[in-house]
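This is a predicted model, with the sequence first.
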Amino acid sequence: MRALTHPATIAFGLTNLYLLSLTWPLISSGHDRVYRLAGSASVIFIPVMVYLLALWVLLAALLTLVQRWERPRRVIWAASILIMPWILLTAFAGFFEFDVPHWGRFLVWLASSIAFLLIVAPKGPLRRAFEAVQPLVSTVLGTVALLGVVIFAQLLWFGWQARDLNPGTSLHRAQAATDPPRQRIIWIVLDELSYQQVYERRFPGLELPAFDRLAEQSTVFTRVAPGGKFTREVIPALFTGIPVDGLSVSGAGLLTAVHDNSSGKWRRFDEHQTVFQDALDRGYSTGIAGWYNPYCRIMPGVLDHCYWMYREDTPGRFSAYGSVESNLVAPFHRLALYLRHRFGLGTGSPSEEQLDIKMHSADYRDLLNVGDAFLRDPSITFLFLHMPVPHPLGFYDRKNRRVAARHTSYIDNLALADLYLGHVQALLEREGQWDSSTVVVMGDHSWRTSLIWAHSAGWTPEDRAASRGGQFDERPAYLVKLPNQHSAARVNEKFSAMRTRALFDVLFAGRLQTPEQLQRWVQQ
């Protein structure tokens, strides 16, 4: 018990609670943050561990120093404990992805401040009560310190596992095919593309000329059942043909297994049991330029060309593309910018909204450039493009045709998706490849209005109007343009997106050349 209530032990317990928002994303069993990290993991893990140790030493010294003086000890203890509700509220809001309104944060801060004053005042009414519970609080913090040892050990272990998270990957290299493919196949996933919003109940005044033009020369599927609700599971499901509702990811950021929703069992993820191996077997050369998923890390053996990108706000806003040194000083730099802004000496550090817009638009720009390069390369005969639009939160201003200063609507990003689709068609037409190519355009899932976005801070009046108050329609858009197709067709039967791998298999075999053949295949 004496060891549990030692100032150094209590300080370690406090430190781990204070920094929970930094450490927990790096040690969670799902490894979700590491899995989607496109840069270096070490430049994130090392600063977090350094800050944890530094804060521990500082708090231990402070608690030891004030032991001899009653009033300073009460002030430090009260401040250390009463700041905890605000810190933990912020941490759990991040973990469970819910927004805490400003008034809620203010009420927590106000209650803690009042309690602090009632404890530290010379005749404060809560003074005796606080002194009575202090031994119990000390024991609890000592117990938390034991958990902190486990947390630190996990940081060391997972940081070591992820030390080479994104090395220069050795990809599969295409060989000259003895029986070359009949035509090029291009698969475009526009993230969160809703059939209803594009073709059925378009927002008044929204023009989508590229989507309209594509529909005039494609087969449009009107009743598609999605492969899931989250990109993390949907994309592996589309690649494998397995209805995936869970992933198992290693500390090294590798996809090791998928949970088969139909059987309830875990199945080892094998890149050679995907649509890309099917393409290689048919003599196609494969390529990916995609968002969010670490394609190049999890499937290097079946890809001849690969690029992926996903920027996100990492713990502490550390940059995965910086250095350990720059990340160590970054919080102090942001604090200096904030103080200068508060005292009117300059601009402040970017807000979370501004950072999100910057990262989302940068992802789009990078993938646009790499995707264009892959589209211009006719040797890539099976190409998968996964773009981060029209996925909310909006970053495009359709009225001014530029990146916005504040979050815009899903409708704005849908207008950008239309511009992208028109850009792809124009590029392929200039290369003389549009007519001869098979082009599949789809959403990985639909616009998740009431499921996610209607409860987010970025939900706009335009979003509310377009969705009629947040009504959710699960159907993603799904179009297939066959080679030399110049007429419109529709498939009105219910079609499961889980048949996408099977669709590509018959396309690889050259068995679908007309809309009528496609419709007969759907009905099988």
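Arrived safely, thanks for sending. Residues are numbered from 1 along each chain as shown.

Do I have it right that residue 254 meets residue 300?
No. At 10.7 Å, residue 254 does not count as touching residue 300 under the criterion of Cβ atoms under 8 Å. For glycine as for every other residue, the C-beta is placed from the backbone atoms N, C-alpha and C.

The two: who's more crowded?
residue 254 (18 against 14; other Cβ atoms under 10 Å).

list the contacts for that one?
Going by Cβ atoms under 8 Å, 6 or more residues apart in numbering, residue 254 touches 297, 298.

let's number from 192 now, not from 1
Done: numbering now begins at 192, and the last item shifts to residue 445.

who's in contact with the closest residue in space to residue 580 that isn't next to it in sequence?
Distances taken as Cβ to Cβ, 6 or more residues apart in numbering put residue 608 closest to residue 580, at 4.5 Å, once the chain neighbours are dropped. Residue 608 makes contacts with 381, 384, 578, 580, 581, as judged by Cβ under 8 Å, 6+ apart.

residues making contact with whichever strand or helix holds residue 670?
Using DSSP states H and E, residue 670 sits within strand 669-672. Defining contact as Cβ under 8 Å, 6+ apart, one finds that strand 669-672 is touched by 386, 405-406, 408-412, 415, 628-634, 686, 688, 694, 709.

give me phi/psi at residue 498?
With angles defined as degrees, to the nearest 10, residue 498 sits at phi -150, psi 140.

do the same with the one 3 residues further on
Note on residue 501: its backbone torsions stand at phi -160, psi 110 [degrees, to the nearest 10].

how deep is it tucked in, by neighbour count?
Considering only other Cβ under 10 Å, residue 501 is surrounded by 19 other residues.

From residue 219, how far off is residue 682?
Separation of residue 682 from residue 219 (Cβ to Cβ, to the nearest Å) stands at 41 Å.

residues in contact with the strand or helix carrying residue 298?
Taking DSSP H and E as the definition, residue 298 sits inside helix 293-311. Helix 293-311 has contacts (Cβ under 8 Å, 6+ apart) with 262, 265-266, 269-270, 273-274, 276-277, 280-281, 315-318, 321.

Now with 7 Å, please.
With contact meaning Cβ atoms under 7 Å, 6 or more residues apart in numbering, helix 293-311 is reached by 265-266, 269-270, 273-274, 276-277, 280, 315-318, 321.

Mark which of the contacts of residue 608 are part of strands, please.
Taking DSSP state E as the definition of strands, the contacts of residue 608 contribute 381, 578.

buried subset of the contacts of residue 608?
381, 384, 578, 580, 581 (16 or more other Cβ atoms under 10 Å).

Identify each buried residue in stretch 497-509, please.
Neighbour-count burial for stretch 497-509 flags 497, 498, 499, 500, 501, 502, 505, 506, 507, 509 (criterion: 16+ other Cβ under 10 Å).

Reformat those as TSV; add secondary structure and distance to residue 229.
Listed next are those as TSV, based on DSSP: H, G, I helix; E, B strand; the rest coil; distance: Cβ to Cβ, whole Å:
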residue	secondary structure	distance to residue 229
497	strand	12
498	strand	10
499	strand	7
500	strand	6
501	coil	5
502	coil	7
505	coil	11
506	helix	15
507	helix	17
509	coil	14
